[in-house]
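# dropping a prediction and its sequence here:
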Amino acid sequence: MTTNLAPKLFQHTLHLSFSQLNTYLTCSQRYYFRYVAGLPPETVASALLLGSGLHAALARFYEGIRTGQAENPCDLLAFFRDDLVRRLAIASAPVQYSADAPTAQDLMEQGQQLLTTFLNDASPGLAGLEIVSVELPLSVPLVDAQGLPMDIQLVGVIDLLLRDPNGNLIAVDHKTSKTAFNQAGVDRDLQFSAYAVLLAGNGYLSPEAELTCRFDVIRKLKAPKLERLMTRRTPEDQTRFRSLAHRVLQAIDREVYLPGPGWQCAACPYAEACRTH
């Protein structure tokens, strides 16, 4: 399942994705501009295109191993270059470049360095583990305050699902970041709670089981490096996530949309709309 194909499975379903929920929690006015008003983005962050291109390359890397047709690093780098060129060419708005990669060529070079760093250090992350699925699309009904299924689905795509020798699942999410992730933030991260809900709701995870989770973070440093951080999600984390999702849906239904000023404003694709709204 490719990164581009998987979300198309959900486009005709009444749904809430983790990305939508996270957008609402970060800045509900941005949620309004994108998902309610349907405004086209004013800019596209180059970091978003870079991250999408790297995700596609990593999915190809893992799928090759899963199917016994592993590609060599040169072919994966060529795939990434072609993919990023395509993404830059079809960007839906002017690309907003960052200070550490101010041009398309800089972005390409940065991406190749990040991908090479990952490929050089990928083996320890797979040692003794089975690849269950790559880019796994899942959906499950959300529940109301009484715990009853609603007519809206939680949807998501899990980057990588592994299984250890004891049969325990490990959900892996890939990130690129200039700053280091801290353990406290990883332990609170809602994305893995969403993954646990999706896996439990589709029979991958038993109701009483904990889910082992791992962030694979490729650091955008002068000398890039790959960092892995582990955490777990309990059935109680699933319950809290379902409750939070229901409260977000209630707020959306009541048309509660407020700006959330902060770090995210620097690359916001609706900066002008926000200033004039």
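Now that the structure is in, tell me what you want to look at.

# all contacts plus neighbour counts: C-alpha atoms, from now on.
Fine.

# for this protein, give the helix that spans the most residues.
Determined from DSSP state H, the single longest helix within the chain is helix 46-66.

# in CSV, could you pull the C-alpha coordinates for it?
The C-alpha trace of helix 46-66 is given here as CSV (Å, rounded to 0.1, in the frame of the first residue of the first chain):
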residue,chain,number,x,y,z
SER,A,46,9.2,22.4,2.0
ALA,A,47,9.6,20.3,5.2
LEU,A,48,6.2,18.7,4.5
LEU,A,49,7.2,17.7,1.0
LEU,A,50,10.6,16.4,2.3
GLY,A,51,8.8,14.4,5.0
SER,A,52,6.4,12.9,2.5
GLY,A,53,9.2,12.0,0.1
LEU,A,54,11.2,10.3,2.8
HIS,A,55,8.1,8.4,4.0
ALA,A,56,7.6,7.1,0.5
ALA,A,57,11.2,6.0,0.2
LEU,A,58,11.1,4.3,3.7
ALA,A,59,7.9,2.5,2.7
ARG,A,60,9.5,1.2,-0.4
PHE,A,61,12.6,0.1,1.6
TYR,A,62,10.5,-1.9,4.1
GLU,A,63,8.1,-3.3,1.6
GLY,A,64,11.1,-4.6,-0.4
ILE,A,65,12.4,-6.4,2.7
ARG,A,66,9.0,-7.8,3.5
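
# next helix or strand past it?
Using DSSP states H and E, the helix or strand that follows helix 46-66 in sequence is helix 73-89.

# any buried residues in that following helix, and which?
Across helix 73-89, burial judged by 16 or more other CA atoms under 10 Å covers 76-77, 79-81, 83-84, 87-88.

# then stretch 33-42?
Of all the residues in stretch 33-42, those buried under the rule 16+ other CA under 10 Å are 33-34, 41-42.

# cool, and stretch 200-220?
Neighbour-count burial for stretch 200-220, with 16+ other CA under 10 Å as criterion, is recorded at 200-201, 205, 210-220.

# ok, now stretch 252-262?
252, 257, 259.

# His55: which of the buried residues of helix 73-89 is nearest?
Phe80 (9.4 Å; CA to CA).

# now do the contacts for the closest one.
By CA atoms under 8 Å, 6 or more residues apart in numbering, Phe80 lies in contact with 53-54, 56-57, 112.

# mind running it again at 6 Å?
By CA atoms under 6 Å, 6 or more residues apart in numbering, the contact list for Phe80 reads Ala57.

# where does it land on pLDDT?
Looking at Phe80, its pLDDT reads 98.

# for His277, same thing?
pLDDT at His277 comes out at 84.

# same question, Pro207
87.

# and it, its phi and psi?
phi -60, psi -30 (degrees, to the nearest 10).

# all good on my end, thank you.
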